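Asks: Sequence plus predicted model, see below.
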Amino acid sequence: MNAPTKIAVFIDGANLHGTARALGFDIDYKKLLKELQSRGNLLRAFYYTAIFEDQEYSSVRPLVDWLDYNGYTAVTKTSKEFVGADGRRKFKADMDVELAVDAMAIAPFVDEIMLFSGDGNFRSLVAALQRRGVRVTVVSTITCQPPMVADELRRQADGFIDLEDLRARIGRDPADRPAPRPRGQPGAACF
C-alpha cells in the first residue's frame, strides 16, 4: 500500500488575492485547507504577506491572525516605505525570498509542493525544487485576459491547476463577506 503524498503549500498572499479578485470571488480559507488536506498528507500550508505598519488598521491583520490559529503558517514582513524618483511615497513588500528559502528547506521532507502564485520570478525556484525530486504544481489562472500566471512558470511546473476550476470548492462570493465590525468590538471574523 502506497503512503499518501506528502504535500507542502506555499501561498503568495498578494498574488492569490489578486488572482481570485480578477476571477470575481473570495477565497474561503477554511474550505481551501480542507481541499488541500484531501490531496494527501498536508505537512504545512504557508501564507506569505506584507504588513503595512504605518496604517492604523490593516485589513490583512485579521486574516493573518485567523490563518495562524486555523492550520496555516502565516509568514509576514513589514513593508518598507520609500520615496520614488517621482517624489511619491511607495512601498516595497516583496516576500519572494522568504517563500523560496522556506520551500527549499522543506523540500527534503515532501513529495509535492503546491505554489499558489503566477509570478514568473518563481520559475528558478520551481526548477531547483524539481532537481531535488519534488513535484511542483502551480495554482493560478489563465482564464482571464491577460492570464495571471507567467508562461515560463506554467511551463516549468509539473502540474497546473486553474484557480477558476477550484471556485466551487474553495470560493465564496464577495457579496457574502461578513460586514466589517466597528474597531474595538470583539467577535470572530470568518475567512
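Replies: Structure's in. What do you need? Numbering: from 1, shown residues only.

Asks: what about the helices in the chain?
Replies: 13-23, 29-37, 60-69, 96-106, 123-131, 151-156, 163-170 (DSSP state H).

Asks: helices or strands up against the third one?
Replies: Counting by 3 or more Cβ pairs under 8 Å, 6 or more residues apart in numbering; DSSP states H and E, the packing neighbours recorded for helix 60-69 are helix 29-37, strand 41-51, strand 73-78. All C-beta atoms are positioned from the backbone trio N, CA, C, and that covers glycine.

Asks: right, so of these, which gets closest to Ala20?
Replies: The closest of these to Ala20 is helix 29-37. By Cβ to Cβ, the value is 10.3 Å.

Asks: Most tightly packed of the helices and strands packed on helix 60-69?
Replies: strand 41-51 (a mean of 19; mean count of other Cβ atoms under 10 Å).

Asks: Quick one: mean pLDDT for that one?
Replies: In this model, strand 41-51 has a mean pLDDT of 95.

Asks: Could I get the contacting residues of Asp65?
Replies: Counting by Cβ atoms under 8 Å, 6 or more residues apart in numbering, Asp65 touches Ala74.

Asks: Let's have the helices of the chain in CSV, adding distance to Ala50 and mean pLDDT.
Replies: Converted to CSV, those look like this (distance: least, Cβ to Cβ, whole Å; pLDDT from 0 to 100):
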stretch, distance to Ala50, mean pLDDT
helix 13-23, 7, 93
helix 29-37, 18, 97
helix 60-69, 8, 90
helix 96-106, 10, 96
helix 123-131, 19, 98
helix 151-156, 21, 97
helix 163-170, 21, 96
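
Asks: Of these, flag the one that's most buried.
Replies: Greatest burial across the helices of the chain, using mean count of other Cβ under 10 Å, falls to helix 13-23, with a mean of 19.

Asks: circling back to that earlier point, can you tell which of the helices and strands packed on helix 60-69 is closest to Thr137?
Replies: Using Cβ to Cβ, these put helix 29-37 closest to Thr137, at 11.0 Å.

Asks: Could you tell me the angle between the direction of the closest one and that of strand 41-51?
Replies: 140 degrees (axes from the mean of the first three to the mean of the last three Cα atoms, to 10 degrees).

Asks: Show me what helix 29-37 is in contact with.
Replies: Contacts of helix 29-37 (Cβ under 8 Å, 6+ apart): 7, 9, 42, 45, 63, 66-67, 70-72, 114, 166, 169-172, 190-191.

Asks: same check, this time on stretch 158-169
Replies: With Cβ under 8 Å, 6+ apart as the criterion, stretch 158-169 contacts 16, 19-20, 23, 25, 31, 35, 114, 130, 135-143, 149, 154.
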